[in-house]
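1. I would like to see how this sequence folds:
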Amino acid sequence: MTGITKDELMQMARESGLEFCEEESAHSVYVSLAQFTNAILERAAVESERTARMHAAQTGREIQDEISHRIRALKFNTGD
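-> Residues are numbered from 1 along each chain as shown. Model (predicted):
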């Protein structure tokens, strides 16, 4: 599974109605969007793990949560 590319992220941002100031560098905008997107993806991964643990507790089965790993694989490497 590959992550979202920089171009895809910028296109999604434009399609969602975000506008950027001309004074902001493209890299600065990208890093801000990437950090925000990563925070959303991390929250989704945590919720996935929580749901998997609840399901495991209810069914008595082991936790097999590949979804959280796939969600985290989408995160951006911003060099931080």
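2. Relative to Met54, how far out is Ser16?
-> Computed as Cβ to Cβ, to the nearest Å, the Ser16 to Met54 distance reads 31 Å. Where you see a C-beta, it was placed from the backbone N, CA and C, and this is true even at glycine.
3. repeat for Glu23
-> Using Cβ to Cβ, we find Glu23 at a distance of 47 Å from Met54.
4. same check, this time on His27
-> Applying Cβ to Cβ to His27 and Met54 gives a distance of 40 Å.
5. average model confidence for stretch 69-80?
-> Average pLDDT, stretch 69-80: 77.
6. can you check stretch 56-64 too?
-> Mean pLDDT, computed over stretch 56-64, is 80.
7. Output that stretch as PDB, restricted to C-alpha atoms.
-> Extracted C-alpha coordinates of stretch 56-64, given in PDB (Å, rounded to 0.1, in the frame of the first residue of the first chain):
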ATOM      1  CA  ALA A  56     -11.800  -9.200  20.600                       C
ATOM      2  CA  ALA A  57     -13.100  -8.800  24.200                       C
ATOM      3  CA  GLN A  58     -16.600  -9.500  23.100                       C
ATOM      4  CA  THR A  59     -15.800 -12.500  21.000                       C
ATOM      5  CA  GLY A  60     -12.800 -13.900  23.000                       C
ATOM      6  CA  ARG A  61     -10.700 -13.800  19.900                       C
ATOM      7  CA  GLU A  62      -7.200 -12.400  19.300                       C
ATOM      8  CA  ILE A  63      -6.800  -8.800  18.100                       C
ATOM      9  CA  GLN A  64      -6.100  -8.900  14.400                       C
END
